[in-house]
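> Predicted model and sequence below, questions to follow.
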Amino acid sequence: MKFKNFLYGAAYYYEYLPYDRLDKDIQMMKEANLNVVRIGESTWSTYEPQEGIFDFTKLDKVVDTMQEAGIDVIVGTPTYAIPTWMAKKYPEVMLTDRKGKHQYGPRQVIDITNPTFRTLSERIIRKMIERTVNKPNVIGFQVDNETKHFDTSSQNVYAAFQKWLKKKFNGDLEKMNHAYGLDYWSNRINSWDDFPPVNSTINGSFGTAFEAFKRTLVTDFLTWQVNIVNEYKRNDQFVTNNFDFEWRKQSYGLNADANHFEVSKPFDVTAVDVYHPAQDNLTGIEISFCGDVARSTKGKNYIVMETEAQAFRHWVPYPDQLKLQAYSHIASGANMISYWHWHSTHNSYETYWKGLLGHDFQPNPIYNEAQTIGKELRDIGSNFLNTKKKNEVAFVVSNQALSSVDWFPYKDTIFDKTPEHQYNDVLRSYYDPLYKLNVEADILQIGDPRINNDNYDLLIVPMLYSATDEQIQQLNDFVKNGGNVLYSFRSGFTNQDVKVRTEIQPALISKTIGAEYKLFVEPNRNYGTGKPEQNATITGIEELNGIQNQPVKYWMELLTPTTGRTLAAYDHPYWGKYAAITEHKYGKGHAFYAGTYLNEKSITELYTYILKKTNLWTSRQGQVFPIINKRLITSDHHVLDFYFNYSNQPQTVQFCSAAGKSIMSDFSTREGDTFQLKPWGMDVLSN
């Protein structure tokens, strides 16, 4: 999807206003140079107050008035929050999950597979699209909102899961029982008529399969909505959905309840919601991580449907941070930034999640800074359209591995399924240090055909706990053909059905990494005693002398090199003869394996070694966080260098391209020259 201009706007809820101020809001939007609003996704009960009775007065008014003002509109389908009449008349649409049947009240408490819900949803979708599709300022449609499977577990979902398994195993119960090890504790299913409940299963293979199936429900639901909208939309309009990430009081990691790589396939453009720390805790890492996922889904620019303006009291940005955040999105490939939301609501659940305007609707420092950003983007935003990246590094990630690690966590216990997505901790433990070294990366799901030697030189594979033989072979071939791979601990351990492989671990990748292990142990030598932790440490060889007595935690694989060599060994009275990190030349490439949970310093030192070993270390790594340097390649092959200062102190920055001129001022520089960035400052230079 190619945009004609950079989009800068906010979600706008005319229906929420305590009094009619549409004209005033539009005036203030124009003064802030906002050129797009996103509407409609939250107000089904306003548009259909009773079943079959429709009132689109407010929808029409907003779209038409925005058209007169020259502001574009993205219309959302309102299916994530149902009206009261539906819950009362059709209680079967309400969500049933492992906690039981939900009562009406919160959003997203519906069964997205329920036929009645689908029928009623289709009617409101068609009516809204028919009403708005021919409006010249309606540029796109958002289907649903932050869609997930919500752990839906109704009887129709169980029936659909059974059909899914029948198809997967060609109706062969014996094959399924063997694949999932269901003889254990008499869990064997001897007749499809005896199909058991799944939420109470103790079988990790069976439970992980249910998670994989439920993710397909999200893809199916959104594809269904996209197909409806596609019947109406013009060629110059797009369809998308705003997906979110694992929530840890901010955007954090892969979402366990939707496979966004699969979800994004039917969309014209990928859209994301990104929320992150601010003030002294602003690092840009979440902006970068979420942007890398979004851009990588389709290999092209994406849009930010929601990000914070004022938000909460701990997220209110310092002066210049709103601008720093905006250009950080752009540097990752965003072609739209839309704040959630325009005005702060005056009641209900999100009263204190504030927008660009506060409760008094008056200009404020955040709105004023948005004015400055909007003016700049009006003048230079075209530079950022239809750009691309050429990253030499990629992370290889897996929703299947995430779900299987949920069942078999690496910390605290390996018996009880955890609500934490510990896979994301490992993913972020490897992503964050690379970001701080100014190495940009794509993020692809395992099995993606783009994972090849023509596209990348280094792959980083965090805890690929569950994978098919073919998926692992793709990585082995990548190394054999001249690529480089870094694996974290627990990679290759189980097959696609979460059955532990019978080979010596790490099984199918042992030959590639030139090492193996037969034991894994707890690093905390006082585990369970009540005494303070006394963790094991590791020490690297001379080339890794930055890793000296660095602690490890949670998990230790006692690696024995076969044809590889030790890069770091454990410091331990009994386990000291084993390797913690290994390296191996395999074919034309190199494979690295870290058999334990490394801290940030150790991972940074390991990255430094690998990047230099593989000739990926450049002058950009000569300066590190809080200076962040990102690059975009324009459609006419110019390089845009973004420099960010994520700190309260002025920073001296070294320019790393041949020559550059700021597109934001008259400043110009040459390779090796230095310049200053003020606290929370930034600049963009073009060669």
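Nice, I can see it.
> Tell me the helices and strands packed up against the longest helix seen in the chain.
Looking across the chain with DSSP state H, the single longest helix is helix 204-230. With contacts defined as 3 or more CB pairs under 8 Å, 6 or more residues apart in numbering; DSSP states H and E, helix 204-230 has these neighbours: helix 115-132, helix 155-168, helix 173-180, strand 238-240, helix 260-263, helix 399-407. Placement of C-beta: from N, CA and C, glycine included.
> Just want the angle from it to helix 155-168.
100 degrees (axes from the mean of the first three to the mean of the last three CA atoms, to 10 degrees).
> quick one: buried residues of helix 204-230?
Across helix 204-230, burial judged by 16 or more other CB atoms under 10 Å covers 204-219, 221-226, 228-229.
> Ok, which of the helices and strands packed on helix 204-230 comes nearest residue 301?
Closest to residue 301 of the helices and strands packed on helix 204-230, according to CB to CB: strand 238-240, at 11.9 Å.
> packing partners for that closest one?
Judged by 3+ CB pairs under 8 Å, 6+ apart, strand 238-240 is in contact with strand 138-142, helix 204-230.
> Residue 349: neighbouring residues, count only.
Neighbour count for residue 349, taken as other CB atoms under 10 Å: 10.
> Is it within a helix or a strand, and which one?
Using DSSP states H and E, residue 349 maps to neither a helix nor a strand.
> residues contacting residue 151?
Going by CB atoms under 8 Å, 6 or more residues apart in numbering, residue 151 touches 95, 97-98, 214, 257.
> quick one on the thing from earlier: so can I have a markdown table of the helices and strands packed on helix 204-230 showing mean neighbour count and distance to residue 429?
What follows is those, written out as a markdown table (neighbours: other CB atoms under 10 Å; distance: least, CB to CB, whole Å):
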| stretch | mean neighbour count | distance to residue 429 |
| --- | --- | --- |
| helix 115-132 | 18 | 40 |
| helix 155-168 | 16 | 33 |
| helix 173-180 | 17 | 30 |
| strand 238-240 | 23 | 31 |
| helix 260-263 | 22 | 21 |
| helix 399-407 | 26 | 13 |
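> Can you check which of the ones you listed gets nearest to residue 63?
Using CB to CB, the helices and strands packed on helix 204-230 put helix 115-132 closest to residue 63, at 5.8 Å.
> which secondary structure elements does that closest one contact?
Against helix 115-132 (3+ CB pairs under 8 Å, 6+ apart) you get helix 44-47, helix 57-69, strand 72-76, helix 204-230.
> CA atoms only for stretch 8-26 - export them in CSV, please.
Presented in CSV, the C-alpha positions along stretch 8-26 are these (Å, rounded to 0.1, in the frame of the first residue of the first chain):
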residue,chain,number,x,y,z
TYR,A,8,-0.4,12.1,11.3
GLY,A,9,-3.5,11.9,13.4
ALA,A,10,-5.5,10.5,16.3
ALA,A,11,-8.4,8.3,17.3
TYR,A,12,-11.5,10.5,17.6
TYR,A,13,-14.7,9.6,19.5
TYR,A,14,-17.3,12.2,18.8
GLU,A,15,-19.8,9.9,20.6
TYR,A,16,-17.9,10.2,23.9
LEU,A,17,-17.9,14.0,24.0
PRO,A,18,-19.7,15.7,26.9
TYR,A,19,-20.9,18.4,24.5
ASP,A,20,-20.8,19.0,20.8
ARG,A,21,-17.5,20.5,19.9
LEU,A,22,-16.8,18.9,16.5
ASP,A,23,-16.1,22.2,14.7
LYS,A,24,-13.7,23.3,17.5
ASP,A,25,-11.9,19.9,17.5
ILE,A,26,-11.4,20.1,13.8
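> Give the buried residues for that stretch.
Residues of stretch 8-26 classed as buried by neighbour count (16+ other CB under 10 Å): 8-14, 16-17, 22, 25-26.
> Export those as JSON lines, with columns for secondary structure and distance to residue 47.
Formatted as JSON lines, the buried residues of stretch 8-26 follow (DSSP: H, G, I helix; E, B strand; the rest coil; distance: CB to CB, whole Å):
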{"residue": "8", "secondary structure": "strand", "distance to residue 47": "27"}
{"residue": "9", "secondary structure": "strand", "distance to residue 47": "21"}
{"residue": "10", "secondary structure": "strand", "distance to residue 47": "21"}
{"residue": "11", "secondary structure": "strand", "distance to residue 47": "17"}
{"residue": "12", "secondary structure": "coil", "distance to residue 47": "15"}
{"residue": "13", "secondary structure": "coil", "distance to residue 47": "13"}
{"residue": "14", "secondary structure": "helix", "distance to residue 47": "12"}
{"residue": "16", "secondary structure": "helix", "distance to residue 47": "14"}
{"residue": "17", "secondary structure": "coil", "distance to residue 47": "16"}
{"residue": "22", "secondary structure": "helix", "distance to residue 47": "17"}
{"residue": "25", "secondary structure": "helix", "distance to residue 47": "20"}
{"residue": "26", "secondary structure": "helix", "distance to residue 47": "21"}
